[in-house]
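Undergrad: No letters, just coordinates:
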């Protein structure tokens, strides 16, 4: 029962228009304007203190903007009475009362939005907390709290999901699970907006990136385009089907140079090259990324705007 | 023929049943797709929640917050903290013990009371055991602290942001908190006040000085004592919503409700007039059976008004300060 793509797209866009938040003389968020589209995972990147959390809080109406507007599906979120059904959010997994059980916590939230109780058990099972549901949240590990936060976000089956640093405290299995979850949510047509200060977390998760630094928009582009900035040293591939793979990669917008079995690929992440090879059933004998190119691009891009720099002389 | 009739019956029942279900769901402001999702959820194979599609588009205009939902949510929050249940019960037992204990000590010391004391005991002295001044002060302390912690802990843990992200209509959430605090402690006060009155007067009846509930003013004593708890609860909710910090909230509740009226202890008229605005002073006026309350002392109506004004001002404060960024 798939809806026409257009209908889905219209309803669930997050739109920021010159969104600004000032705390006294300090501008935390500076005239941010961008749109987060449904149907894909959008990464929200920036160094610590760049204003990511403040921006997400303004989306949720928790912090009032100093200037500008932000809307979800064309309306400000702050006026809604059943927020969980519109936007599911994990802002800070620690923002729970440690004295409650996960079950009590979610039941209260579900009740406030008139969500059936059965849904509480369903999301607890989905995030793998069913067996710990009756334990006090205060005794949870950081990873378990993250899972509870994700369960809270999923509770209302919302078309828009916001996650602030969701990978914190998760073990590798948890990270892989969260990535899969985000991609599935996006594939279902939802708007998925995920913040992180680590490019490496985004490289395998997001399809589109919004990069900010010191509250200002630095870049808004697809991951592929972002990878192209990294350019330069590229990716080395060795394969008996070099010609076919070269055509595939070229078709996806990468720069490819061929020399016998070897390819030198630029403008594409090593992960993407691997994915494409897999999708097209091309046997690889070597796949080497030269340097953490995405990370390097991110660092280069945000170097000017790093708020707290180790050993920096000012 | 019979089969057909049975079949028609089934169809009709089916239709009726379906109509009923649809109607029920509509009253809950859920669309028909939610109905479909619910029936899917009933099947074990369809328990996968994210298989459902994004759901904003299918819903009609946003319904107003159902205040009943918010009340229920706040009640679940309160009940799911074991420390709250314990302190509410223990606090109640403490206050009852103070009152009944006071009557018990009168009973045990009866032999030592002189004849003039015994003669004057009914009803003015007897009624003081129904709710002693110390018990009233402990009520303000216990109820004020619990109610303050309920709100301040939600702010201090950051839970409040989770709450407001779930229900962005903040004022409705705060109104639900106020209503739940008022309801809980009105019930608490009624139980504690009734048990204290009947327990203490039953004991004093052993010395033939127990005041019956039908005695003029006796019911007023019970009601005024019972309502002291929700008044304290709302003042504490308002201050905790303003200060958002547990220690600060408790100190300010104790300072405002207990210390300040204790400092205003002077026969000067202007001091009395200031003292009159405090709930504890109003409670004293309402629980004294003896007459002789000339101005500047509070009238009975004035004393009830003091209760009401504190409740209204505290609730108003909470509803205004909830607008600040959490």
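TA: Received the coordinates, thanks. If you're wondering where the values come from, they're calculated on a predicted model, not measured in any experiment.
Undergrad: Please tell me I have it right and residue A:141 contacts residue A:169.
TA: Yes. Using CB atoms under 8 Å, residue A:141 is in contact with residue A:169, at 7.1 Å. For the C-beta atoms, the positions are set from N, CA and C on the backbone; glycine is no exception.
Undergrad: With neighbour numbers in mind, choose between the two.
TA: residue A:169 (16 against 12; other CB atoms under 10 Å in any protein chain shown).
Undergrad: how about the residues of the stretch 101-250 of chain B near chain A?
TA: Proximity of the stretch 101-250 of chain B to chain A, by CB under 8 Å from any CB of the partner chain, involves residues B:153-154, B:157-159, B:161-169, B:172-173.
Undergrad: Pick the one among those residues closest to residue A:241.
TA: residue B:165 (50.1 Å; CB to CB).
Undergrad: wait, doesn't that closest one sit right on residue A:82?
TA: No. Contact between residue B:165 and residue A:82 fails when scored by CB under 8 Å: they sit 11.5 Å apart.
Undergrad: Give me the more crowded residue out of those two.
TA: Each of residue B:165 and residue A:82 had its neighbours counted (other CB under 10 Å), and the higher figure belongs to residue B:165 (28 against 24).
Undergrad: Please list all residues in contact with the more buried one.
TA: A:60, A:62, A:83-84, A:87, A:89, A:91 (CB atoms under 8 Å, 6 or more residues apart in numbering or on different chains).
Undergrad: if we go to 6 Å?
TA: When contacts are counted by CB atoms under 6 Å, 6 or more residues apart in numbering or on different chains, residue B:165 touches A:60, A:83, A:89.
Undergrad: Which residue, neighbours along the chain excluded, lies closest to residue A:67?
TA: residue A:20 (4.2 Å; CB to CB, 6 or more residues apart in numbering or on different chains).
Undergrad: The one you found: helix or strand, and which one exactly?
TA: Using DSSP states H and E, residue A:20 falls within strand A:14-23.
Undergrad: try residue A:69
TA: Per DSSP H and E: strand A:67-72 holds residue A:69.
Undergrad: neighbouring contacts of whatever helix or strand comes next after that strand?
TA: Where DSSP H and E defines the elements, the next helix or strand beyond strand A:67-72 is strand A:87-90. Residues from elsewhere that reach strand A:87-90, judged by CB under 6 Å, 6+ apart: A:60, A:72, A:149-150, A:153-154, A:156, A:158, A:160-163, A:166, B:165.
Undergrad: On the C-terminal side of strand A:87-90, identify the next helix or strand.
TA: Following strand A:87-90 toward the C-terminus (DSSP H and E): helix A:102-112.
Undergrad: Which residue comes closest to residue A:91 once chain neighbours are left out?
TA: That would be residue A:164: by CB to CB, 6+ apart, it lies 4.8 Å from residue A:91.
Undergrad: which residues touch the one you found?
TA: Contacts of residue A:164 by CB under 6 Å, 6+ apart are A:53, A:56, A:91, A:195.
Undergrad: From chain B, how far out is the second one?
TA: So the one you mean is residue A:56. 10 Å (CB to the nearest CB, to the nearest Å).
Undergrad: From what I see, that residue and residue A:163 are in contact.
TA: No. When contacts are counted by CB atoms under 6 Å, residue A:56 is not listed as touching residue A:163 (8.7 Å).
Undergrad: how about the contacts of residue B:165 in CSV, adding pLDDT?
TA: Shown next, in CSV, are the contacts of residue B:165 (pLDDT from 0 to 100):
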residue, pLDDT
A:60, 96
A:83, 94
A:89, 97
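Undergrad: Which of those residues sits closest to residue B:139?
TA: residue A:83 (37.0 Å).
Undergrad: Could you list the buried residues of stretch A:212-223?
TA: Neighbour-count burial for stretch A:212-223, with 16 or more other CB atoms under 10 Å in any protein chain shown as criterion, is recorded at A:212-220, A:223.
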